[in-house]
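Visitor: below: sequence and its predicted model.
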Amino acid sequence: MSTAPRAAAAAPSPASLALKGWTALRSLLFVAWLVATVVPWALAVLAMAPFAGSTRLYWACVGWLRVAIWGCRLICGVRWRVAGLEHVPTAADAKGAVLLAPKHQSAWETFALPMLMPHPLAYVFKRELLYIPFFGWAMGRLDMIHIDRSKRAEAWAKVAEQGRRLFSEGVWVIMFPEGTRTPRGSQGAYKTGASRLAVATGVPIVPIAVTSARCWPRKTFLVRPGVVDVSIGPPIAAAGRDADELMREVEAWIEAEMRRLDPEAYTSTSVPA
């Protein structure tokens, strides 16, 4: 029986170390790309803000998100596939309001969804993001819903009031039901903020599954090459529904779709009832 240490067999190969080093280098170049492009872009947005309408300003910011996502593709090798775009109203349908409820695994979908959708989006986000230099300053000029999470009643009143106004103006609201990014293969607690807003306004919810953690996991800037799948589900009617029951339906669709798109990430085949 061999007495050789087990650790020796598990030592990373030179090829594996080289691949990790290459991934780290590409990720560093991508970060440099983000910084180098966001500063002049944000300054341009701030300069045009007093003169441009909200829609024009929004699409100007989406231009930088497009630059960021394509930089991620060209530098880090992150590609994407989108299914189900037929489930959202087209750009020509100005009155087709929906509330987007995506799975949240990464910064990738935060950048990519405005680029992929045909209508302006308004994120519901914590106000601390406004303090990020350049990125947050430009975001603060957009017509979005930034809230103080420590004041829940006040935050919900603001979401309901501004959400209703934005829907009436043809802007779609986007809320991450889990609230924060979750690790690949895991499931966060689905909160009812999005379903409450949908029920209050009568706007349908569109669930979205996104496998972004396959390439860009949370809490890291190490980005691996691969394919992100974005699957857009059929709109779920909200008028007259119970908010808890509605969110359970949204959760069930997203989590079942995540297991279909990324089965190797889940150790259990169980899905929400």
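Guide: Yep, that arrived.
Visitor: against residue 193, how distant is residue 170?
Guide: Residue 170 sits 22 Å away from residue 193, going by CB to CB, to the nearest Å. Yep, even glycine has a C-beta here, placed from its N, CA and C like the rest.
Visitor: for those two, indicate the residue with more neighbours.
Guide: Neighbours per residue (other CB atoms under 10 Å) separate residue 170 from residue 193, with residue 193 holding more: 23 against 15.
Visitor: could you check how far that one is from residue 174?
Guide: 12 Å.
Visitor: and for the two, which residues touch both?
Guide: residue 124 (CB atoms under 8 Å, 6 or more residues apart in numbering).
Visitor: identify the residues contacting stretch 104-111?
Guide: Applying CB under 8 Å, 6+ apart, the external contacts of stretch 104-111 come out as 65, 68-69, 72, 78, 102-103, 123, 176, 178-184, 188, 208, 210-213, 215-218, 228, 230.
Visitor: out of the residues you listed, which are buried?
Guide: The neighbour count (16 or more other CB atoms under 10 Å) marks 65, 68-69, 72, 78, 102-103, 123, 176, 178-179, 181-182, 184, 188, 208, 210-213, 215-217, 228, 230 as buried among the contacts of stretch 104-111.
Visitor: from the residues you listed, which land in helices?
Guide: 65, 68-69, 72 (DSSP state H).
Visitor: looking at those, which is nearest residue 222?
Guide: The shortest approach to residue 222 among those belongs to residue 72, at 12.4 Å (CB to CB).
Visitor: which ones are touching that closest one?
Guide: Residue 72 is in contact with 30, 78, 108, 111, 216, 223, counting by CB under 8 Å, 6+ apart.
Visitor: related to what we said a few turns ago, just the ones of the buried ones among the contacts of stretch 104-111 in strands?
Guide: Counting by DSSP state E, the buried ones among the contacts of stretch 104-111 place 78, 102, 123, 208, 210, 228, 230 in strands.
Visitor: what sits against the fifth one?
Guide: The contact partners of residue 210, taken as CB under 8 Å, 6+ apart, are 102-106, 108-109, 228-231.
Visitor: could the residues you listed go into a markdown table alongside pLDDT and distance to residue 265?
Guide: Listed next are the contacts of residue 210 as a markdown table, based on pLDDT from 0 to 100; distance: CB to CB, whole Å:
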| residue | pLDDT | distance to residue 265 |
| --- | --- | --- |
| 102 | 97 | 17 |
| 103 | 97 | 12 |
| 104 | 95 | 15 |
| 105 | 96 | 10 |
| 106 | 94 | 13 |
| 108 | 96 | 15 |
| 109 | 96 | 16 |
| 228 | 98 | 13 |
| 229 | 98 | 12 |
| 230 | 98 | 16 |
| 231 | 98 | 15 |
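Visitor: point out where the stretch 1-150 of the chain drops to low pLDDT.
Guide: 1-11, 15-19, 91-92, 94-95 (pLDDT under 70).
Visitor: do the same with the stretch 151-273 of the chain
Guide: For the stretch 151-273 of the chain (pLDDT under 70), the answer is 268-273.
Visitor: just the strands in it please.
Guide: Using DSSP state E, counting those that start in this stretch, the strands found in the stretch 151-273 of the chain span residues 172-174, 205-210, 226-232.
Visitor: before we move on, the earlier item: ok, which pair from the ones in strands among the buried ones among the contacts of stretch 104-111 is furthest apart?
Guide: Checking these with CB to CB, the most distant pair is 78 and 123, at 21.2 Å.
Visitor: ok so, going back, out of the contacts of residue 210, which is nearest to residue 150?
Guide: Nearest member of the contacts of residue 210 to residue 150, counting by CB to CB, is residue 104, at 20.6 Å.
Visitor: I am finished for the moment; much appreciated.
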